[in-house]
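**Q** fold the following, please.
(one chain, ligands or ions: 1)
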Amino acid sequence: NLPSLYFDDGDDFIVIAHRGASAYYPENTMAAFEGAVAMDAEMIELDVLMSKDGVPVVFHDLALDDHTNGNGYIPQYTVEKLKKLDAGSWFDKKFADQRIPTLEEVLQFASGKIALNIEIKTEAVSDQVEGGVEQKSLELVKQYGMEKHVLFSSFDYRAVEHLKQLDPEVSVALLYNKHQSQRQLPHQQVGKFSADAFNCSFRQFSKKWSRNLKKHGIPHFIYTVNSKRKMKKLIKAGVSGIFTNKPDLLHRVKDNL
Ligand code: G3P
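**A** Next up, the predicted model:
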């Protein structure tokens, strides 16, 4: 059960823009997401945390300091306050108008246009199945008719369980986390959570795991790969997709193999 793509360039490999086209635009901003669409990415990966007033917002770090002109932590601020921050100048002054997007804004933008990988950040995961970031995000996804075009993922497997309990039809990937893997092979980890895919760093991905995932027909997406050499190697190994900050480069590498 994988998301269907709006734009499919005809093979079974997915070009995923990591935090948008984040080599060229400030990560996790509308500019980076628009850039990803312009570069024909087939999916955008983004990170979700919760504001103080319980709104899913798109931002990677818990701390605001590195990627905005604010300080402190995301859950200390209401969405109204977060919206006042400049989320682009740290990258380049010309992006000073970029704001932290809400998940709702990104869904509105992506609907009818591009598939999403919504990573639920560990810091936001709820203790309960209902009422937390998982349920709120899923409801928004459905509100924008994106349920067939979204792959959820999390390093925290409680989020995977919650999402599958809320809706067994929703696509969810396990993000490989050595503390929760119990030294099992990928197909065992995925099976345990009835997950639909396995997402993993290129640093941990091995030939043994590649064989295991292919043998069991489990889609596997590898992050974050920005060099031509590594892209070529992984595409040749038959991975299902690559997360990259440079979707334009990944397309070029793939087309010239
Ligand atoms: O979701 C894939 C990848 O982005 C996970 O790593 O650290 O960027 O959340 P991180």
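**Q** name the nearest residue to residue 68, ignoring sequence neighbours.
**A** With Cβ to Cβ, 6 or more residues apart in numbering as the measure, residue 85 is the residue that lies nearest to residue 68, at 4.2 Å, once sequence neighbours are left out. All C-beta spots, glycine's among them, are computed from the backbone N, C-alpha and C.
**Q** measure the one you found to residue 100 for me?
**A** Separation of residue 85 from residue 100 (Cβ to Cβ, to the nearest Å): 6 Å.
**Q** next: residue 77.
**A** According to Cβ to Cβ, residue 77 stands 9 Å off from residue 100.
**Q** which of these two has more residues huddled nearby?
**A** Legend: neighbour count by other Cβ atoms under 10 Å for residue 77 and residue 100, higher for residue 100 (26 against 20).
**Q** which bits of the stretch 151-257 of the chain sit near the ligand?
**A** Where proximity means Cβ under 6 Å from any ligand atom, the interface of the stretch 151-257 of the chain facing the ligand comprises 153, 175, 199, 223-224, 243.
**Q** helix, strand, or coil at the residue of the stretch 1-150 of the chain found nearest the ligand?
**A** Each residue of the stretch 1-150 of the chain has a distance to the ligand, by Cβ to the nearest ligand atom, and the smallest belongs to residue 119, at 4.4 Å. Each residue gets one of three states, and residue 119 gets strand by DSSP: H, G, I helix; E, B strand; the rest coil.
**Q** all helices of the stretch 151-257 of the chain, in order?
**A** With DSSP state H, counting those that start in this stretch applied, the stretch 151-257 of the chain shows helices at 157-166, 178-181, 186-192, 207-215, 228-237, 247-255, listed in chain order.
**Q** just say which of the ones you listed is most tucked in.
**A** Across the helices of the stretch 151-257 of the chain, the average number of neighbours (mean count of other Cβ atoms under 10 Å) peaks for helix 157-166, which reaches a mean of 21.
**Q** mean confidence for that one?
**A** In this model, helix 157-166 has a mean pLDDT of 97.
**Q** which residues touch residue 141?
**A** 107, 118, 147, 150, 170 (Cβ atoms under 8 Å, 6 or more residues apart in numbering).
**Q** pLDDT below threshold where in the stretch 51-200 of the chain?
**A** For the stretch 51-200 of the chain, no stretch has pLDDT under 70.
**Q** contacting residues for residue 53?
**A** So, once contact is read as Cβ under 8 Å, 6+ apart, residue 53 ends up touching 78-80.
**Q** partners of the residue of the stretch 1-150 of the chain closest to the ligand in the sheet?
**A** For residue 119, the residues forming beta bridges with it (DSSP bridges) are residue 47, residue 153.
**Q** how far does stretch 216-234 stretch from one end to the other?
**A** For stretch 216-234, the first and last residues are 18 Å from each other (Cα to Cα, to the nearest Å).
**Q** how far does it sit from its chain's centre?
**A** Using Cα atoms, centre = their mean, to the nearest Å, we find the averaged C-alpha position of stretch 216-234 to lie 15 Å away from the chain's own average C-alpha position.
**Q** skip the chain neighbours and tell me the closest residue to the residue nearest the centre of the chain.
**A** The geometric centre of the chain, computed from its C-alpha atoms, lies nearest to residue 45 (Cα atoms, centre = their mean), at 3.0 Å. With Cβ to Cβ, 6+ apart as the measure, residue 117 is the residue that lies nearest to residue 45, at 4.3 Å, once sequence neighbours are left out.
**Q** tell me how many other residues surround that neighbour.
**A** Residues near residue 117, counting by other Cβ under 10 Å, number 27.
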